[in-house]
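>>> how would this look folded up:
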Amino acid sequence: MNTQIILAGLRARPVRTGVGVLAVTLEVVLILLLVGATNGAISETGKRPAGVGAEILIKDKGSSYLLGMNSAILPIKEMSRDLAAIPGVKAVAPVVLDTDSGFTVVYGIDPESFKAVSGGFNILQGRMFEKPDEAIIDDWQQSKMNVKVGDRVKFLKMEFTIAGIVENGKAARIFIPLPTIQEKLKREGFATLFYVKLDEGLKTDEGKARIEKALADESKEVLDVNELASLMFSSNAGLITGVFDFVVVLGVVIGVLVIFLSMYTSVSERTREIGILRSMGGSKSFIVLLVLQESLILCAIGAVVGMGGSELLVMVLKKWMPTTVIMISNAWRIKAVAFALLSGIIGSLYPAYKAAAQDPIEALAYE
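A predicted model of the protein is given here:
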C-alpha cells in the first residue's frame with residue numbers, strides 16, 4: 001500500500017517531482033564530474049612522463065611533483081657531464097618546463113638529446129622544429145586548438161609557427177626549442193629536470209642507486225618515472241582531499257535544500273490526506289516512514305539519471321575538449337549514490353516529523 005500511495009503522490013505533482021529529481025541529478029553529476037576531472041588531470045600529468053621512454057627523472061628536491069610549476073635551477077653542463085660518466089647511463093636529456101594559460105605544460109627540449117632518450121617523436125604532419133620561433137604540438141593539442149602546420153600561434157606570451165604535429169604520449173603537448181624557453185625565463189644554462197635513459201638490461205632500481213651515489217646531492221631527487229603518478233597523488237593528498245570534500249559538501253547541501261523544500265511543500269499540500277491516514281489507524285512512525293520512502297525514491301531516480309547524465313557529459317566533454325581526461329572510479333559512483341540518498345534522508349527528516357505531528361482532527365478539517 002505504501003508504494004501505491006507514494007507513486008500516486010509523485011504522479012499527482014509532476015513539477016515538484018521533476019524538480020526533486022533534477023536536484024539530485026545535479027548533485028550526482030557535480031560530484032562525479034569534478035572528482036573525475038581532478039583524478040584525471042593528476043593521473044594523466046603523472047603518467048605522461050613515462051611515455052618519454054626514460055627510466056629515471058631527476059629534479060630539484062624542493063620543487064613540486066606537479067611538473068610545470070618548477071624553476072629551472074639544475075645546471076645542464078655539469079649535470080650532463082656527471083650523469084654521462086655513470087656506468088649504465090645511456091643518454092641524458094635536459095628539459096625546461098613552463099605552463100601556458102590553462103595549465104598546459106610546455107617543454108623546452110634539445111631535439112638531439114631528447115631523441116636519444118625517447119627514440120624520437122612519431123611525426124604525423126610536418127617536421128621537427130628548426131628555428132627559435134617554431135614549435136611542435138601533439139595531435140590532442142591540435143584538436144583542441146584547431147590549428148595546422150604553418151599556423152602562427154601564441155604560447156607563453158610568445159608567437160610560434162607550428163612546424164609539426166606529433167603523436168601524443170611523450171610527456172607534454174607542446175614542445176619548443178630549449179634556448180627559446182631558457183631565454184624567456186632568463187635561465188640560460190639551466191634545466192627544470194633531466195630524463196635519463198639506462199642501458200638495456202640495467203634494472204631501474206640499480207640505475208637509480210648508482211645515480212644517487214654519484215650525485216651525492218641531497219638537493220636533487222632521483223625518481224623512477226613509473227612511480228611519478230603515485231608520488232603526485234601522495235604529495236598532493238591534502239589538496240586533493242580538500243577539493244573532494246568541498247565538492248561533496250556542496251553537492252549534499254544542494255540536495256538537502258531542494259529535497260527539504262520539495263518534501264515540505266508535499267506535506268503542506270497533503271495535510272488532509274495525512275489526516276485521513278491517521279484517522280484510519282496510521283501511526284506516527286508510519287507517516288514518517290512514508291515521507292522518507294517518497295524522498296528516497298526521488299533520490300534513487302535522480303541518482304540513476306545523474307549516473308547516466310555524467311557519462312553522457314563525459315563523452316561530450318571529450319569531443320569538445322579532447323585533451324581533457326576524466327576518470328570516474330566505481331568507488332566514487334557508489335559514493336555519489338550514497339551521498340544522494342543521504343541528502344534525501346536529511347532533507348526529509350523535518351517534513352516527515354511535521355507530517356507525523358499533525359493532529360488527525362485538525363488535518364481532516366483542513367481545506
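>>> check contacts around the residue nearest to residue 160 when sequence neighbours are not counted.
If you skip the residues right next to it in sequence, residue 160 has residue 135 as its closest partner in space, 4.0 Å away by CB to CB, 6 or more residues apart in numbering. Every residue, glycine included, has its C-beta placed from N, CA and C. With CB atoms under 8 Å, 6 or more residues apart in numbering as the criterion, the residues that contact residue 135 are 129, 153, 155, 160-163, 174-176.
>>> now a PyMOL select for only the buried ones of those residues.
This is the PyMOL syntax for the buried subset of the contacts of residue 135, where burial follows 16 or more other CB atoms under 10 Å:
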select buried, resi 129+155+160+162+163+174+175+176
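>>> using pLDDT, spot the least trustworthy of the contacts of residue 135.
Confidence by pLDDT is poorest for residue 155 among those, given 86.
>>> related to what we said a few turns ago, tell me which element the residue nearest to residue 160 is part of?
In this structure, residue 135 is located in strand 134-138 according to DSSP states H and E.
>>> average model confidence for the helix or strand following that strand?
Proceeding N to C from strand 134-138, the next assigned helix or strand is helix 139-145, under DSSP H and E. If you average the pLDDT over helix 139-145, you get 87.
>>> how far does helix 139-145 sit from its chain's centre?
Between the mean C-alpha location of helix 139-145 and the chain-wide mean there is a distance of 19 Å, by CA atoms, centre = their mean, to the nearest Å.
>>> cool, and stretch 321-335?
7 Å.
>>> for residue 298, grab phi and psi.
Backbone torsions of residue 298, given as degrees, to the nearest 10, read phi -60, psi -50.
>>> what score does it have for pLDDT?
According to the predicted model, the pLDDT of residue 298 comes to 82.
>>> check residue 268 too.
According to the per-residue confidence, residue 268 scores 64 in pLDDT.
>>> thinking again about what came up before, direction included, what does the strand holding residue 135 pair against?
strand 158-166 (parallel), strand 174-177 (antiparallel) (DSSP bridges).
>>> so which bits of stretch 333-341 are buried?
Applying a neighbour-count criterion of 16+ other CB under 10 Å, the buried positions in stretch 333-341 are 333, 335-337, 339-341.
>>> contact partners of that stretch?
Counting contacts by CB under 8 Å, 6+ apart, the residues outside stretch 333-341 that touch it are 24, 27-28, 31-32, 248, 251-252, 255, 296, 299-300, 302-303, 306-307.
>>> kindly recompute the last result at 7 Å.
With contact meaning CB atoms under 7 Å, 6 or more residues apart in numbering, stretch 333-341 is reached by 24, 27-28, 31-32, 248, 251-252, 255, 296, 299, 302-303, 306-307.
>>> what residues are bridge-paired with the nearest residue to residue 121 once chain neighbours are set aside?
With CB to CB, 6+ apart as the criterion, residue 121 has its nearest non-adjacent residue at 4.1 Å, and that residue is residue 166. Counting by DSSP bridges, residue 166 is bridged to residue 123, residue 138.
>>> residue 166 is in contact with residue 124, isn't it?
Yes: at 6.3 Å, residue 166 counts as touching residue 124 under the criterion of CB atoms under 7 Å.
>>> compare these two (neighbour count), which wins?
Taking other CB atoms under 10 Å, residue 166 and residue 124 do not tie; residue 166 has more neighbours (22 against 14).
>>> tell me where the model's unsure across the stretch 251-367 of the chain.
Residues of the stretch 251-367 of the chain meeting the criterion pLDDT under 70: 266-284, 322-323, 355-367.
>>> ok, residue 149 - contacts?
Contact analysis of residue 149 by CB under 7 Å, 6+ apart lists 125-126, 162-165.
>>> the domain parsing of the protein - what is it?
Each structural domain of the chain that the record assigns through automatic domain parsing is listed here as a residue range: 2-44+238-364, 62-217.
>>> which stretch among the ones you listed comes nearest residue 56?
Proximity of the domains of the chain to residue 56 was assessed by CB to CB; the nearest stretch is domain 62-217, lying at 3.9 Å.
>>> how long is that closest one end to end?
The stretch domain 62-217 measures 13 Å between its terminal residues, going by CA to CA, to the nearest Å.
>>> in the stretch 151-300 of the chain, which spans are helices?
Taking DSSP state H, counting those that start in this stretch to define them, one finds helices in the stretch 151-300 of the chain at 178-185, 204-215, 228-235, 237-269, 271-279, 284-320.
>>> and the contacts of residue 135, which is closest to residue 321?
Distance from residue 321 was checked for each of the contacts of residue 135 by CB to CB. The minimum falls on residue 174, at 15.6 Å.
>>> find the nearest non-adjacent residue to the closest one, please.
The spatially closest residue to residue 174, leaving aside those adjacent along the chain, is residue 106, at 4.5 Å (CB to CB, 6+ apart).
>>> over to that neighbour: give its phi and psi.
phi -110, psi 130.
>>> so where's the stretch 101-250 of the chain uncertain?
Regions of the stretch 101-250 of the chain meeting the criterion pLDDT under 70 cover residues 101-103, 229-241.
>>> repeat the analysis, applying 90 as the threshold.
Within the stretch 101-250 of the chain, the stretches with pLDDT under 90 are 101-105, 140-141, 143-146, 155-157, 168-173, 185, 201, 215-221, 223-250.
>>> quick revisit: make a markdown table out of the buried residues of stretch 333-341 and add secondary structure and distance to residue 114.
Shown next, in a markdown table, are the buried residues of stretch 333-341 (DSSP: H, G, I helix; E, B strand; the rest coil; distance: CB to CB, whole Å):
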| residue | secondary structure | distance to residue 114 |
| --- | --- | --- |
| 333 | helix | 40 |
| 335 | helix | 41 |
| 336 | helix | 42 |
| 337 | helix | 46 |
| 339 | helix | 46 |
| 340 | helix | 48 |
| 341 | helix | 52 |
